[in-house]
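Chemist: Sharing a sequence plus its predicted fold:
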Amino acid sequence: MISSLFASFPGLAPLFSSILAQAAGTSQIELRHYLTVSALVFTIGVLIVVIRRNAIAVLMGIELLLNAAGLNFVAFAKYVAKDPVDGQVVTLFVIVLAAAEAALALAIILNVFHNTNSIEVSEIDSLKG
């Protein structure tokens, strides 16, 4: 079935070669590849949190930080741990934590917007007592 798909669309073969290699058990993806992607995602998240002034953009940066941590948990569990499910369970908790954090942060941002008509982080000093 897969060969007929590639016969219909010859440009798909290079795109899915790593996926097919992993399915065949000859994967060339190593731990360092996962860690490199995770480091890039984490760096982008930190840059967004530090540079952006928009509260929703900062929230998106925090989500990227949590996703990078989840990717690390899954990668280390796959290559180092005795049971690879452990990393997936911890990542599931990270995802639940990220969802709760997003809900609370969005509620706070909506409340700040209602009071100040702005979601710029630098203009949220009006909440001081």
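Modeler: Here it is on my side, so go on. Residues are numbered from 1 along each chain as shown.

Chemist: what about the helices in the protein?
Modeler: With helices called from DSSP state H, the chain shows them at 2-8, 12-15, 17-23, 31-51, 55-79, 85-116.

Chemist: Spit out the contact partners of residue 121.
Modeler: The neighbours of residue 121, taking Cβ atoms under 8 Å, 6 or more residues apart in numbering as the test, are 52-55, 58. For every residue, glycine as well, the C-beta is placed using N, CA and C.

Chemist: re earlier: could you export the helices of the chain as TSV, including mean pLDDT, mean neighbour count and distance to residue 123?
Modeler: As requested, these are exported to TSV (pLDDT from 0 to 100; neighbours: other Cβ atoms under 10 Å; distance: least, Cβ to Cβ, whole Å):
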stretch	mean pLDDT	mean neighbour count	distance to residue 123
helix 2-8	57	10	53
helix 12-15	60	11	45
helix 17-23	60	12	46
helix 31-51	95	15	17
helix 55-79	94	18	10
helix 85-116	91	13	6
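
Chemist: Which among those helices is found nearest to residue 124?
Modeler: Nearest to residue 124, of all the helices of the chain, is helix 85-116, at 5.5 Å by Cβ to Cβ.
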